[in-house]
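# give me coordinates for this.
(chains A and B)
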Amino acid sequence: MSTTEPVPTTHALDPYDHTVVEAKWRRRWEETGAHRTDLDTPVRPFYNLMMFPYPSAEGLHVGNVYAFTGADIYGRYRRLLGDTVFEPMGFDAFGIHTENFALKSGQHPARMTPRNVAHFREKQLKRLGAMFDWDHEVDTTDPDYYRWTQWIFLRLFDAGLAEQREGPVNWCPSCLTVLADEQVIDGHCERCDSVVEQRVLKQWFLKITRYAKELLEALDHIDWSERTVTAQRNWIGRSEGANVRFDLEGCARRDVTVFTTRPDTLYGATFLVIGAEHPRLGDFIARDRLAAVERWRGTLPTAGDEPDFSVGIYVLGGYGTGAIMAVPAHDTRDWQFAKAHGLPIVEVIGGGDDIQGKPYTGDGPMVNSADLDGTPSAEGKLRVVERLRALDRGDATVQYRLRDWLISRQRYWGPPIPIIHCPTHGAVPVPYDQLPVLLPEVEEFRPLGTGTSPLAAAEDWVNVPCPICAEPSRRETDVSDTFLDSAWYFLRYPSTEFHDRPFDHERTFRWLPVDMYIGGNEHAVLHLMYSRFIMRALHEQGLVPDPEPYKRFRAHGLIIRNGAKMSKSKGNVVNPDEYLDRHGADTMRIYLMFLGPYTEGGDFRDDGIRGVSRFLDRVWRATQQAHSKDQDLERERRRHRLIAHVGERYAELSYNTAIAFLMEFSHALANEAAAGTARRVDAETLLQLLAPLAPHLTEELWERLGHRQSIHDSGWPAHDPALVAAQQVTVVVQVNGKPRDQMQVDAGLDRAELERRARELPKIAALLEGKEVRKVVVVPDRIVNFVVS
RNA sequence: GCCGAGCUGGCGGAAUGGUAGACGCGGUGGUCUUAAAAACCACUGGGGCCUCCCCGUCCGGGUUCGAAUCCCGGGCUCGGCACCA
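Just a heads-up that it's a prediction; the model follows:
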């Protein structure tokens, strides 16, 4: 009957000691180069990327561990499938965060950063059990890296995508630097939460707006988390409308062009507003009179009807053409302004209540609009635009909310912007062969708060001859935004050993775009938008194979603790080191993934980790006591089913449910091991499927089962779909939709047979007794439902 | 205000038109132990007139033989955008 060989199961198994096992395999993998990637002759290249951390002095956050673990599991799964997986790691070590910490602790960032990086790499990242290829590490503060950040800036400059211009910018009074629009949240600094002020400064911008349309449209074709795509759509902010030119009288300017999304309300425009950021504001009014409401006479740009109306000024941000037509009857802000200043309110869209009491912003038939009366809003928009076009007074247009990327930072800890200001030639790019412009080691790196970087004080460094005419000139003293460093790091990873080029052509065309990118959604409109822009610009120059950097992006969820967000002030921050010491990386990895769906995050509770320990202990014992060579078909079916289920779940990052299947299977195997009937093939399959989650433990057990090759190169076990399909199914029998009984039957029975058998069930027969069966619904292999009166 | 995601036992969560609550935590009972811990086994949504029946997936309607799942209305939570015309 059973082919179980008589094996002693009474000998004492050594208990599972994660410290010993994990240390052993960490060393072994390092010695054998198990995680080195063959970048030049890959079987099927798979670029598995995760967002690199900034190496803070506080150490790795449990959020990092969560992010990296989930990404690594996916990479390991792809590796088992036979792909050549490239999984690099690096450090985003420039930037305000690092510098602020240096200021607080009185250390120099140039000395602090290498220590932090070493701690991150050696003491923390290397313990996670991730298959990082450390031969391709990137550190954004390394001159060998940032020379190429500067190189990219110069390429953009040459392409007309970098520009220095003066304008109102966001200034953080605590960080003492300007910020990009993306770094201002509700008027507060993203980093320190200070209220951001407006200052007028001359700054460097990268012209991301030139790609607004393409960046938006490409979102329809990339495989990204929906919420990330939505955030980008909102940020780019497309709106359709029309530009309309109004004539002016009594003003220095003859006319002004406004942008509106409601051309259908044109006849209700009773005044105009010029923004304080209008590029030619001085043409309208002197700067010192900004607060006043000026009145000029304007004319409506439609034939025939030309009522008088006022033109006023009040402060608002620069957008569109910098000026608007105000239709108080149908716009809340215009209405309030009109009420405050006693300006007329004319209803031109029907369907609202009394517009003197409150504005109506919905659609409706046009009224008080000459011959267009009665036209619905949607059609009215088109008709008005047609008319404007015929009169050469305006046309339909599309506006984007996206603004250019301000990259100047008046700080120390970043790559100097490679520009030299010459009195004759203006802003001159540093010649490519003079890169990198090294960040000088100054002791006084404190931000000045004057709108100038502390680098300005490094006279020896600042004063240089102009590259064109050799006249005494000064270097640009601002450094670039950290987000420029991280906007291209994925291009550097495959090419770290090349020192004469940022990214090797062949490597780049083989490995890019990134196959899978996993990271936090907090970067949905920052890093992810910037890197798409950079990739697109480089693609136009033929330097990269695709306009999009990441084929797939998945945002992981957030880890909270006991129902609350983790924060230092609450004192509920999980220190991953503690848990790694106590439970080991494998247990930690599985525990984190078991908290909930990976893309949703989860609640870290200390008591839950015991279940995972028990699970791994069970695997440890059961697989070492599985010796049976039984070919039992039912067990074979069960094994094939497991392979299919777990594979599916890994593919969709549904790690929590993959773990549930593995736990269930381990229970069955443990029971069989206790009875001496556990099959070796089941144990091996379990280990292979568990390997992405618990790389150390499974490797040790795989070796103990006599394998000489690494389990991580053993290949994903094959399964036969015919065996996966159940041969016996439970069919539920309902009466009027309520489950009343069930029956075990062979899979694939036809409807008639299922109905016949269902009627024979005593319970069902009793329930149907004396009733008229009006309808029978049969879903093969699932249910039989009798509908009775 | 606009856009998006979500709301399921004591808790984390499974199930996306077919037996709601997989898997795990916690709890209860048991085995082992002098005892405890650990481990292992069993039970564990609520209720009742308890071989059976009723109720139950934020609330109210609807579609369907059948709804956690689809549709309509409302509530709450989280995230994005916001004097952007």
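
# give me every residue that touches whatever residue of the stretch 401-550 of chain A ends up closest to RNA strand B.
With C-beta to the nearest atom of the strand as the measure, residue A:401 is the residue of the stretch 401-550 of chain A nearest to RNA strand B, at 4.2 Å. C-betas here are computed from N, CA, C, even on glycine. Going by C-beta atoms under 8 Å, 6 or more residues apart in numbering, residue A:401 touches A:235-239, A:319.

# what about 6 Å?
residue A:237 (C-beta atoms under 6 Å, 6 or more residues apart in numbering).

# next: residue A:617.
residue A:16.

# element containing it, please.
helix A:609-624 (DSSP states H and E).

# residue A:405 and residue A:206 touch, don't they?
Yes - under the contact definition of C-beta atoms under 6 Å, residue A:405 touches residue A:206, with a separation of 4.4 Å.

# is RNA strand B contacted by stretch A:177-192?
Yes - judged by C-beta under 7 Å from any atom of the strand, stretch A:177-192 comes into contact with RNA strand B at A:182, A:185-186.

# before we move on, the earlier item: distance of the residue of the stretch 401-550 of chain A closest to RNA strand B from residue A:181?
Separation of residue A:401 from residue A:181 (C-beta to C-beta, to the nearest Å) stands at 10 Å.

# got the phi/psi numbers for residue A:543?
With angles defined as degrees, to the nearest 10, residue A:543 sits at phi -90, psi -20.

# the stretch 601-750 of chain A: helices as residue ranges?
A:609-624, A:633-651, A:655-675, A:680-690, A:695-704, A:721-724 (DSSP state H, counting those that start in this stretch).

# neighbours of the residue in the stretch 1-150 of chain A that RNA strand B sits nearest to, how many?
Residue nearest to RNA strand B within the stretch 1-150 of chain A (C-beta to the nearest atom of the strand): residue A:15, separated by 9.9 Å. Around residue A:15 there are 8 other residues, counting by other C-beta atoms under 10 Å.

# that one: what secondary structure?
Assigned with DSSP: H, G, I helix; E, B strand; the rest coil, residue A:15 falls in the coil class.

# tell me how many other residues surround the closest residue to residue A:609 other than its chain neighbours.
Using C-beta to C-beta, 6 or more residues apart in numbering and skipping the chain neighbours, the partner closest in space to residue A:609 is residue A:591 (4.8 Å). By the criterion of other C-beta under 10 Å, residue A:591 has 23 neighbours.

# for residue A:591, give its distance to residue A:697.
From residue A:591 to residue A:697 the distance is 13 Å (C-beta to C-beta).

# do the same with residue A:596
23 Å.

# who has more neighbours, the two?
Between residue A:596 and residue A:697, residue A:697 has the larger neighbour count (other C-beta under 10 Å), namely 29 against 15.

# does that one touch residue A:588 like I think?
No - using C-beta under 6 Å, residue A:697 is not in contact with residue A:588; the gap is 12.0 Å.

# picking up where we left off before, and the helices of the stretch 601-750 of chain A: which comes nearest RNA strand B?
helix A:609-624 (2.5 Å).

# put the alpha carbons of the closest one into CSV.
The C-alpha coordinates for helix A:609-624 follow below in CSV (Å, rounded to 0.1, in the frame of the first residue of the first chain):
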residue,chain,number,x,y,z
ILE,A,609,4.3,37.5,15.0
ARG,A,610,4.0,34.4,17.1
GLY,A,611,1.8,32.8,14.5
VAL,A,612,4.5,33.2,11.9
SER,A,613,7.1,31.7,14.2
ARG,A,614,4.9,28.7,14.7
PHE,A,615,4.4,28.4,11.0
LEU,A,616,8.2,28.3,10.3
ASP,A,617,8.9,25.9,13.2
ARG,A,618,6.3,23.6,11.7
VAL,A,619,7.9,23.8,8.3
TRP,A,620,11.3,23.2,9.9
ARG,A,621,10.1,20.0,11.6
ALA,A,622,7.7,18.7,8.9
THR,A,623,9.9,19.0,5.9
GLN,A,624,12.8,17.1,7.7
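
# gap between that helix and the chain center?
With C-alpha atoms, centre = their mean, to the nearest Å as the basis, helix A:609-624 stands 35 Å off its chain's centre.

# can you pull out the helices in the stretch 151-300 of chain A?
Using DSSP H, counting those that start in this stretch, the helices found in the stretch 151-300 of chain A span residues A:212-217, A:226-236, A:281-284.

# could I get those in TSV, plus columns for distance to RNA strand B, mean neighbour count and mean pLDDT?
Converted to TSV, these look like this (distance: least, C-beta to the nearest atom of the strand, whole Å; neighbours: other C-beta atoms under 10 Å; pLDDT from 0 to 100):
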stretch	distance to RNA strand B	mean neighbour count	mean pLDDT
helix A:212-217	12	16	92
helix A:226-236	4	16	88
helix A:281-284	13	15	63
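
# TSV for those helices, including distance to residue A:382?
TSV is the format used below for the helices of the stretch 151-300 of chain A (distance: least, C-beta to C-beta, whole Å):
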stretch	distance to residue A:382
helix A:212-217	21
helix A:226-236	24
helix A:281-284	31
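
# these: which one's closest to residue A:506?
Ranking the helices of the stretch 151-300 of chain A by proximity to residue A:506 (C-beta to C-beta) places helix A:212-217 first, at 26.7 Å.

# show residues contacting the closest one.
In contact with helix A:212-217 (C-beta under 6 Å, 6+ apart) are residues A:236, A:238, A:400, A:402, A:532.
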